[in-house]
Structure formats: structure tokens, C-alpha cells
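Enquirer: quick one, structure for this:
(one chain, ligands or ions: 2)
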Amino acid sequence: MSISMRIARIRPAEVRLAEENAAFLRAMGIVTIHLQASPGAGKTSLIQRTAESLSGRLRLAVIQGTLSNQSGVTHVHAVDLPVVQVNTGEQPYLDASMVREALEQLPLADVDLILIEEIGTLTLPTEQVLGATLRVAMASLPEGEDCPVHYPGPFARADAIVLNKTDLMAHLGFDQSVFHQAVRRVNGNAPIFELSCRSGEGIEPWSAWLLEQARDRQL
Ligand SMILES: Nc1nc2c(ncn2[C@@H]2O[C@H](COP(=O)(O)OP(=O)(O)O)[C@@H](O)[C@H]2O)c(=O)[nH]1
Ligand SMILES: [Mg+2]
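Expert: Ligands and ions are numbered 1, 2, ... in the order given. As a prediction, the model looks like this:
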């Protein structure tokens, strides 16, 4: 059976579970960010930088998806950060029931913001729903300026877009304006955060946006 057929069959239950996740998290005043990007784009690095940056300002937790056949996954190693790793087995993406199980393992009374690191891919089933508050799509400079046009799905659905590895700008001759145009062809509104997890440049505006999202929803 193809994956799309399987998803079409399980979709109503998944959607219900995702809605339950969303309602539960809303009631707890917790914001969840579903972070999607190619392998190596810098998802784990961004989570670590974000944890450092928001330390003392927001209480973070992490749900990190990993594949069973994936070795050398970069583990989140920020101090004092609750992290739950979810092995998705053969399925190359997280689903709502996995997120629910992960939530049960987190100290939710002491959490304001959960960053969910998706398995590294820009191709996810469009039906995928987790119940996360916001979606973030991330690209990195080596993927080229056209990345959002070649893989429109995650960028079109994103509430915010991150461009990582800006420290490589000069080496790669990357043209930011072409990247912005590519994003705007698929997403008219989402803020774009250009940053470098290597140097830390640009992390603060991204952190400030997260803080704003959390505060807006906790009032
Ligand atoms: N030059 C550069 N390398 C980065 C940056 N962010 C992450 N990396 C490197 O990219 C590789 C993949 O990063 P990782 O966070 O594990 O990516 P993930 O697979 O998306 O979670 C690692 O070798 C990181 O050190 C950055 O801003 N600049
Ligand atoms: Mg990672």
C-alpha cells in the first residue's frame, strides 16, 4: 500500500488526535513550533542556539524525530532542557500520536514553548497534522536561492521561514534578494529570519519572534 493511501485511510483519526493535541496545548498555554528542513540545514543547531538565547526568558522543551536507520543524529545537548527523542521507525515523518506520546513524557507544567524537530526532509505528506501551534520552514545557504520554489509545500504552509548559514554568504555568492523572491512566490506574509547558528548572528530577532508568539498566546 502506498504511503498516500495509508494516510488517506488513517487521516480522520490523525486529524482528531492533532485537534486534541492542539486543544490540550492551548489550554496549558504552551506554544509548539513544528520545524521542518532538509537534513543538515541546521535544525538541531537552531534549537540549541534558541535554547541559549531564550534561557531565563522562556522555558523550552524539545521533541526530536529520528529515523531508526539514521546514525550520527546530532543530539540536542543544551543544559537543563527536557528533550524527548521519537523514533519514527520506517515512517519518514512524525505524526500526531507520536507527538501525544512525547508530550506525556515532558514536564509540561514547567514548559512555555516546545520546539518539534521534524525528520530531515522538505517533502512531507500534505495531510500531515500534529496539532502544533505554528509551522516553521528552514533552508540553508548551500541549498540554493530557489529551494522554496523547488520544495514549495513547507514554505507555503509556514508561519515563519528561517534561512540559516548566512556566515557562508560571501563564499557561496548567495543572493538574498533572489531567496526572498522565491519565498514570496509561495508565501506572501511569513516573516523571514536570516541567521547563522555558527556565529549567532540574527538569532535575537528569531528569539524575539518566538517570545512574542508565546506571550500573545499566554495572555
Ligand atoms: N557554516 C555553518 N554551518 C552550520 C550552521 N548551522 C549548522 N551548521 C552545521 O551544519 C551541520 C548540520 O547541522 P544540524 O544542526 O545537525 O542540522 P539538522 O540535520 O538540520 O539538525 C553541522 O555540521 C552544523 O555544525 C551555520 O549557521 N553555518
Ligand atoms: Mg538534527
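
Enquirer: which of the three states applies to residue 81?
Expert: Three-state secondary structure (criterion: DSSP: H, G, I helix; E, B strand; the rest coil) places residue 81 in coil.

Enquirer: give me the nearest residue to it, chain neighbours excluded.
Expert: Leaving aside its sequence neighbours, residue 81 sits nearest to residue 51 (Cβ to Cβ, 6 or more residues apart in numbering; 5.2 Å). The way it works is simple: take the backbone N, C-alpha and C, and place the C-beta from them, glycine included.

Enquirer: residues contacting that neighbour?
Expert: Residue 51 sits next to 60, 62, 76, 78, 81 when contact means Cβ atoms under 8 Å, 6 or more residues apart in numbering.

Enquirer: which one in the residues you listed is the model shakiest on?
Expert: Within the set of those, pLDDT is lowest for residue 78 (65).

Enquirer: can you give me the strands for the protein?
Expert: Taking DSSP state E as the test, the strands found in the chain are 31-36, 60-66, 83-87, 113-117, 134-140, 160-164, 192-194.

Enquirer: which one of these lies nearest to ligand 1?
Expert: strand 160-164 (5.0 Å; Cβ to the nearest ligand atom).

Enquirer: thinking again about what came up before, so which of the strands of the chain comes closest to ligand 2?
Expert: Across the strands of the chain, ligand 2 has its closest neighbour in strand 113-117 (5.7 Å, Cβ to the ion).

Enquirer: separation between the residue nearest to residue 81 and residue 152?
Expert: Separation of residue 51 from residue 152 (Cβ to Cβ, to the nearest Å): 30 Å.

Enquirer: find the nearest non-adjacent residue to residue 88, please.
Expert: Of all residues not flanking residue 88 in the chain, residue 65 sits nearest, at 5.5 Å (Cβ to Cβ, 6+ apart).

Enquirer: burial count for the one you found?
Expert: The burial count assigned to residue 65 is 25, neighbours taken as other Cβ atoms under 10 Å.

Enquirer: ok, and the helix or strand in this protein with the lowest average confidence?
Expert: Every helix and strand of the chain was ranked by mean pLDDT, DSSP states H and E. The lowest is helix 3-28, at a mean of 80.

Enquirer: measure the residue nearest to residue 88 to residue 149 for me?
Expert: From residue 65 over to residue 149 the distance is 25 Å, taken as Cβ to Cβ.

Enquirer: got a list of what the residue most central in space within the chain touches?
Expert: Using Cα atoms, centre = their mean, the residue of the chain that lies closest to the mean C-alpha position is residue 35, 0.7 Å off. Residue 35 sits next to 43, 46, 47, 115, 116, 117, 118, 136, 138 when contact means Cβ under 8 Å, 6+ apart.
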